[in-house]
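K.L.:
my questions concern the predicted model and sequence given below.
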Amino acid sequence: MEQKTIIEVKSLYKSFGKNQVLKDFSLTLKEEENLVILGKSGSGKSVLIKCIIRLIEPDAGEIRVLGQDISELDQDQMDLLRKDVGFLFQSNALYDSMTVRQNLEFPLRRHWSAEERQANAESAVLEALEDVGLAHTIDMMPAELSGGMRKRIALARTLILKPKVILYDEPTTGLDPITGREISELIVKIQKKYQSSAIIISHDMNCIKITSNRIIMLIEGRNYASDTFENLTKLPDPKVREFFE
Ligand SMILES: Nc1ncnc2c1ncn2[C@@H]1O[C@H](COP(=O)(O)OP(=O)(O)OP(=O)(O)O)[C@@H](O)[C@H]1O
């Protein structure tokens, strides 16, 4: 059976003044796939992700998310789509003045009715916290948690809406190697449990090795090579080799 396409980006172009960042970039994300975007600093990985969640308007090209051309959606339709597309910020973006529970309840305010929240918020918060192994932190403040724990809480807050696809912006940056490995393993566990898909931006080779089903190399603004970790490490092309040496 052919796998469904979850995200399709076709011939994307984006420049800032004279700085041509994306030049004819394309990708396809399939159902239940963990796709890593690998590229140097400044190569346009964040710009790409921001185009996908429509924080940035591309100059040309097409982006389809869960079958919908996002340029055709109005604000309400885009809000509805955002429920299915989780985003884990590099900075975590937790609210420091709120407890862990309140942080997790926050996205429910926007996407669930008052009745739904009354009936199901408590169990949804607990399930998301259990997914990341941190149920005991429910009444703690973000400042009381380590960097790795804050990353897990941010992931739990993304999971609470049960997204079909999760976009991870450098999920292990700033973490020590052991904590980084735990987060990478958690990304794989979550994908299996929810049968979700993910785009993961990273240049942490350990994270990439653990999480990727496939890697796209973003070089000179385009999809320069796309293959599994193992196959890419065998390519003789010097521009690809740079990353694996
Ligand atoms: N809003 C903006 N205005 C002007 N230039 C921008 C803007 N956003 C990004 N850029 C430029 O686009 C290029 C790509 O930036 P981007 O943040 O996507 O890189 P990246 O691959 O994510 O890098 P890193 O790994 O360092 O995060 C950079 O040259 C950056 O200066």
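P.N.:
All right, it came through fine.
K.L.:
neighbours of the nearest residue to Leu27 once chain neighbours are set aside, just the number please.
P.N.:
Distance criterion Cβ to Cβ, 6 or more residues apart in numbering; nearest residue to Leu27, sequence neighbours excluded, is Val9 at 4.8 Å. (C-beta placed from N, C-alpha, C; glycine too.) Taking other Cβ atoms under 10 Å as the neighbour definition, Val9 ends up with a count of 23.
K.L.:
SS state for the residue most central in space within the chain?
P.N.:
The centroid of the chain falls nearest to Leu167 when counting by Cα atoms, centre = their mean (1.4 Å). Under the three-state scheme (DSSP: H, G, I helix; E, B strand; the rest coil), Leu167 adopts strand.
K.L.:
who does the residue nearest to Leu27 bridge with?
P.N.:
When bridges are assigned using DSSP bridges, the partners listed for Val9 are Leu27, Ile63.
K.L.:
I'd guessed it sits against Ile52; true?
P.N.:
Yes. Val9 sits in contact with Ile52 when judged by Cβ atoms under 8 Å, with a separation of 7.1 Å.
K.L.:
between those two, which contacts overlap?
P.N.:
Ile63 (Cβ atoms under 8 Å, 6 or more residues apart in numbering).
K.L.:
gap between the two ends of stretch 196-207?
P.N.:
In terms of Cα to Cα, to the nearest Å, the two terminal residues of stretch 196-207 are separated by 18 Å.
K.L.:
report pLDDT for Met1.
P.N.:
Per-residue confidence at Met1 stands at 62 (pLDDT).
K.L.:
where do the helices sit along the protein?
P.N.:
Defined through DSSP state H, the helices belonging to the chain, from first to last, are 45-52, 75-84, 100-111, 114-131, 147-159, 177-194, 205-211, 229-233, 238-244.
K.L.:
quick one: the shortest one to chain centroid distance?
P.N.:
Counting by Cα atoms, centre = their mean, to the nearest Å, helix 229-233 is centred 22 Å from the centre of its parent chain.
K.L.:
I'd like the mean pLDDT over that helix, please.
P.N.:
Per-residue scores along helix 229-233 average to 95.
K.L.:
Val36 is nearest to which of the helices of the chain?
P.N.:
Taking Cβ to Cβ as the measure, the helices of the chain were each checked against Val36, and helix 205-211 came out nearest at 5.0 Å.
K.L.:
which other helices and strands does that closest one contact?
P.N.:
Using 3 or more Cβ pairs under 8 Å, 6 or more residues apart in numbering; DSSP states H and E as the contact test, the elements touching helix 205-211 are strand 34-38, helix 177-194, strand 197-201.
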